[in-house]
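Novice: okay, predicted coordinates and the sequence, questions at the end:
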Amino acid sequence: MKVHEMIQLMPPIDSTEIPWVSLGSTPERRRVNIQKVIRTNRLIALAEAIICNTFREVEPEALALLPNALPLGPLAVPMSKPTGHFLSEDLTCLTWLDTQAPGSVIYVAFGSSTVFDATRFHELANGLELSGWPFIWVVRPNFTKEIDEDWFNQFQQSVNGKGLIVTWAPQQRVLSHPSVACFMTHCGWNSTIEAVLHGVPFLCCPYFADQFCNQSYVCNVWKTGLKLYSNEQGVVTREEIKEKVVQLLSDEDIKARAVMWKNIACASIREGGSSHANLLSLVNLLQEG
């Protein structure tokens with residue numbers, strides 16, 4: 001039986017979600033990954049500077065443990081220029097977002113490596129439909145291998161007009177769109193920091209490793225989102241999804257804090273901000289080298 005107890009790490013975290021518990025699907029993979037982390041931590045002390053996609057104000061205690069850290073974030077890709085992507089982006093979702101009401105769309109994306117089994121996939125699909133809110137759902141080709149194509153096609157037809165399913169999305173452009181109400185995410189750090197930059201509240205569904213820590217920042221420290229709880233079988237049910245969507249989108253305090261952190265993030269990268277100053281320090285460091 002799992003014993004849930006909050007442990008005061010940085011940030012505080014449930015004892016069942018300590019990162020090294022989920023660093024691999026087998027004991028051997030966990031051992032290898034933990035050895036890599038230990039080796040990396042030893043090398044960090046040798047570096048003159050550790051460049052980080054974060055900013056001082058959002059996690060000052062953690063950054064204080066890395067005296068050679070140089071937080072430059074939030075790093076944002078220029079939206080007007082083409083960049084390299086994991087998959088080809090479906091830009092039709094931006095046109096679709098233009099037709100939706102402000103603050104009405106759930107954006108659902110679980111990054112490039114999260115994999116769902118059939119049960120989790122079905123519950124997520126049915127939960128989004130059950131919520132009654134419009135949604136964009138990123139379902140990349142290898143997101144699941146266990147779904148019947150006929151069932152999935154039928155689901156897409158049943159939500160046509162209310163929900164849009166794409167294989168990959170221009171995430172920063174989606175998160176910055178006024179129609180987006182919240183971000184259901186695996187809590188990978190890049191996705192997390194992008195949502196902070198654009199002031200979007202979170203529905204958190206982490207998959208492994210540091211994503212549980214990132215969820216704790218969102219829910220326990222910044223208080224800009226809600227955690228989606230799994231049942232005893234490790235599945236986030238459709239009822240849980242519906243309940244948390246309703247709770248989040250009616251919580252004005254969470255929305256206000258998301259905007260507050262957006263303003264702090266934007267200030268950090270403007271001239272005179274903490275990350276801007278660190279960028280100048282990096283430039284000077286490279287010139288000296």
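Specialist: Everything's here; your move. No experiment lies behind these values; they were computed from the predicted model shown. Numbers count the residues shown, from 1 in each chain.
Novice: show me the domain layout of this protein.
Specialist: 21-73, 92-255 (automatic domain parsing).
Novice: run through the chain and note the low-pLDDT ranges.
Specialist: In the predicted model, the chain carries pLDDT under 70 at residues 1-10, 15, 19-25, 78-86, 289.
Novice: what is the neighbour count of residue 216?
Specialist: 23 (other CB atoms under 10 Å). Using the backbone N, CA and C atoms, a C-beta is placed for each residue, glycine as well.
Novice: right, so of the domains of the chain, which gets closest to residue 276?
Specialist: Of all the domains of the chain, domain 21-73 sits nearest to residue 276, with 8.6 Å by CB to CB.
Novice: from residue 118, how far out is residue 146?
Specialist: To residue 118, residue 146 is 4 Å away according to CB to CB, to the nearest Å.
Novice: next up, the contacts around the residue most central in space within the chain.
Specialist: The chain has residue 187 as the residue nearest its centroid, 3.1 Å off, counting by CA atoms, centre = their mean. Residue 187 makes contact with 202, 204-206, 211-212, 214-215, 218, according to CB atoms under 8 Å, 6 or more residues apart in numbering.
Novice: if we go to 6 Å?
Specialist: Counting by CB atoms under 6 Å, 6 or more residues apart in numbering, residue 187 makes contact with 204, 206, 211, 214-215.
Novice: of the residues you listed, closest to residue 286?
Specialist: Among those, residue 214 lies closest to residue 286 (CB to CB), at 29.4 Å.
Novice: what's the local residue count around the closest residue in space to residue 263 that isn't next to it in sequence?
Specialist: Spatially, and ignoring its direct neighbours in sequence, residue 263 is nearest to residue 199 (7.9 Å; CB to CB, 6 or more residues apart in numbering). By other CB under 10 Å, 21 other residues sit near residue 199.
Novice: then residue 262?
Specialist: Neighbourhood size, residue 262 [other CB under 10 Å]: 18.
Novice: please report phi then psi for the closest residue in space to it that isn't next to it in sequence.
Specialist: In space, and not counting its chain neighbours, residue 262 is closest to residue 199: 3.2 Å by CB to CB, 6+ apart. Here the main-chain torsion angles of residue 199 (degrees, to the nearest 10) amount to phi 70, psi 30.
Novice: ok, residue 199 touching residue 261?
Specialist: No - judged on CB atoms under 6 Å, residue 199 makes no contact with residue 261 at a distance of 7.1 Å.
Novice: so which residues of the stretch 1-150 of the chain form helices?
Specialist: Using DSSP state H, counting those that start in this stretch, the helices of the stretch 1-150 of the chain run over 27-44, 60-64, 92-98, 118-131, 149-158.
Novice: over to the stretch 151-289 of the chain?
Specialist: Under DSSP H, counting those that start in this stretch, the stretch 151-289 of the chain gives helices at 171-175, 189-198, 211-216, 238-249, 252-269, 274-288.
Novice: out of those helices, which is closest to residue 151?
Specialist: Closest among those, using CB to CB: helix 238-249, at 15.0 Å.
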